[in-house]
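> Sequence isn't available, so here's the structure alone:
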């Protein structure tokens, strides 16, 4: 008897892909021995103490524990899940008010539709700069704007994700002033804060240029042949323009709602940089913007309520994916195998040449990033091990930190355990499996360019020490 299945006929759906990764992580708890480093408290954060790794009794997860890890994952990711819902509510209200549509329609009308290729490139760099300067999750409110802009220009939702999610991720990951990777790394290595910014800036600009090229090429391809769109089957309702560009203008109500949105964003950024606000405070600001904008748009309680529920239904799949992906993190932490992976990868570098060690470090950090998706968390867990390892192999501390930043920052583009990435993609309604098929070649090219820069750093003995 033959059994036929179409399960592997195409690239797995996001849910199926993550479920396979969850199963793989669970199997790893039975193969990889549990171990841990001793840690010390510095500036309120636990940092690994190099040379203290030791094996502890293994605690592999069984079938029941694997499924129990799923609701635990939602508990771990609740702040990211809530900010996705809050963003969905806010843009649902703003979309209902027609402010976003009128603003983008007016902007394109004034710039000229014939400049749409330039706009795509410029917006890629703009979102990249937002990643460099503003941060990662702090930019989540800007992502749906790219969806409306892309559709207005004749693009699709994949192009929107490539411009916004790709731009922010590359800019943030390779930022010369990234406080979570470069900043934490320089503190650990006792280097001048944000030193070596010139080379890092050149790499960041080069990587954004690669992304802009791929975005422009994809844009041209779907204009010439709409069947090549990777997201033509997705629901685009609420994002597109509903009338001719020449008919768009902004009335006083649109301007008032836009000011409410911008003041809200300004207040959020002030709180982030001045008072160290994070996701709970950010989502609270988004909800306040929703209420005030809804009232300014003349909506009554019933309309606001219906808009909120409709908006939640739109972003709920993405919110679910964030929690589901966090299951992987829970499994690895409960089995205590993350430190073992970091230790074994660092040990595998011994005996390599300087060039091989730098390249190997970036690969090791890429692998570890799937286990510890937090940039600062990864720095605190691995750099106290990697820095002395690099010095033994003849690498400067600056080069070791750059290898760490490249491995962490570039792999963020394809990391299913990174809640912020899944959240941003969900706001463009792009599933992770579709995203991987588009962004993987881009990621490989950016990795290649990054490794060339890294090897240049090794060659010039990049300092200060």
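Cool, got the structure. Owing to the predicted nature of the structure, the values given are computational and were not obtained by experimental measurement.
> show me what contacts the residue lying closest to residue 58 once chain neighbours are set aside?
Closest residue to residue 58 apart from its sequence neighbours, by C-beta to C-beta, 6 or more residues apart in numbering: residue 34 at 4.5 Å. From N, CA and C alone the C-beta is placed, and that goes for glycine too. Counting by C-beta atoms under 8 Å, 6 or more residues apart in numbering, residue 34 touches 55-59, 335-337, 340.
> Throw those residues into TSV and include secondary structure and distance to residue 250, thanks.
Output for the contacts of residue 34, formatted as TSV (DSSP: H, G, I helix; E, B strand; the rest coil; distance: C-beta to C-beta, whole Å):
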residue	secondary structure	distance to residue 250
55	strand	65
56	coil	62
57	coil	65
58	coil	62
59	coil	59
335	helix	55
336	coil	56
337	coil	55
340	helix	57
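> so can I have a markdown table of these showing pLDDT?
Putting the contacts of residue 34 into a markdown table (pLDDT from 0 to 100) gives the following:
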| residue | pLDDT |
| --- | --- |
| 55 | 95 |
| 56 | 95 |
| 57 | 94 |
| 58 | 93 |
| 59 | 92 |
| 335 | 95 |
| 336 | 94 |
| 337 | 92 |
| 340 | 93 |
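> Which single one of those residues is nearest to residue 299?
Relative to residue 299, the closest of those is residue 335; by C-beta to C-beta it sits at 49.3 Å.
> Verify the contact between that closest one and residue 61 for me.
Yes. Residue 335 lies in contact with residue 61 (C-beta atoms under 8 Å); the separation is 5.9 Å.
> if I look at the two, which residues touch both of them?
residue 29.
> Check which helices and strands the helix or strand hosting residue 310 is in contact with.
Element membership of residue 310 [criterion: DSSP states H and E] is helix 301-335. For helix 301-335, the packing partners by 3 or more C-beta pairs under 8 Å, 6 or more residues apart in numbering; DSSP states H and E come out as helix 14-31, helix 63-76, helix 78-97, helix 279-296, helix 419-427.
> what's the angle from it to helix 63-76?
Calculated by axes from the mean of the first three to the mean of the last three C-alpha atoms, to 10 degrees, helix 301-335 forms an angle of 130 degrees with helix 63-76.
> Can you point out the buried residues in helix 301-335?
By neighbour count on 16 or more other C-beta atoms under 10 Å, the buried set for helix 301-335 is 304, 307-308, 311-312, 314-315, 318-332, 334-335.
> wait, doesn't residue 450 sit right on residue 210?
No. Residue 450 lies out of contact with residue 210 (C-beta under 8 Å); the separation is 10.0 Å.
> Compare these two and say which is more crowded by neighbours.
Per other C-beta atoms under 10 Å, whichever of residue 450 and residue 210 has more neighbours is residue 450, with 25 against 18.
> give me every residue that touches that one.
Taking C-beta under 8 Å, 6+ apart, we find residue 450 in contact with 174, 203, 207, 362, 406, 410.
> Can you add pLDDT, distance to residue 432 and secondary structure and give those back as TSV?
TSV is the format used below for the contacts of residue 450 (pLDDT from 0 to 100; distance: C-beta to C-beta, whole Å; DSSP: H, G, I helix; E, B strand; the rest coil):
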residue	pLDDT	distance to residue 432	secondary structure
174	96	22	coil
203	97	26	helix
207	98	21	helix
362	96	23	helix
406	97	22	helix
410	97	17	helix
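> which two of these lie the greatest distance from each other?
207 and 362 (13.7 Å).
> who's more crowded, the two?
residue 207 (27 against 22).
> all strands of this protein, in order?
Listed in chain order, the strands found in the chain under DSSP state E are 35-36, 39-42, 45-48, 54-55.
> Ok, which of those strands comes nearest residue 393?
Closest to residue 393 of the strands of the chain is strand 45-48 (C-beta to C-beta; 18.9 Å).
> in that closest one, what counts as buried?
For strand 45-48, the neighbour count (16+ other C-beta under 10 Å) marks 47-48 as buried.
> what sits against the closest residue to residue 331 other than its chain neighbours?
With sequence-adjacent residues excluded and distances taken as C-beta to C-beta, 6+ apart, residue 331 is closest to residue 25, at 4.5 Å. By C-beta under 8 Å, 6+ apart, the contact list for residue 25 reads 328, 331-332.
> what's the answer for residue 143, then?
Taking C-beta under 8 Å, 6+ apart as the contact definition, residue 143 lies against 87, 164-165, 168, 424, 427-428.
> Could you rerun that using 6 Å?
Residues in contact with residue 143 (C-beta atoms under 6 Å, 6 or more residues apart in numbering) are 164, 424, 427.
> Likewise for residue 427?
Residue 427 makes contact with 143-144, according to C-beta under 6 Å, 6+ apart.
> Do I have it right that residue 203 meets residue 452?
No. Contact criterion C-beta atoms under 6 Å: residue 203 and residue 452 do not qualify, at 9.1 Å.
> Neighbour count: the two, which is higher?
residue 203 (25 against 12).
> What separation do you get for the more buried one and residue 453?
5 Å (C-beta to C-beta, to the nearest Å).
> Next: residue 265.
Between residue 265 and residue 453 the distance is 33 Å, computed by C-beta to C-beta.
> Not counting its own residues, what contacts stretch 337-352?
For stretch 337-352, the surrounding residues in contact (C-beta under 6 Å, 6+ apart) are 32-37, 53, 332, 357, 360, 364, 368, 371, 382, 385, 389.
> Take these and keep only those in helices.
Cross-referencing the contacts of stretch 337-352 against helices under DSSP state H gives 332, 357, 360, 364, 368, 382, 385, 389.
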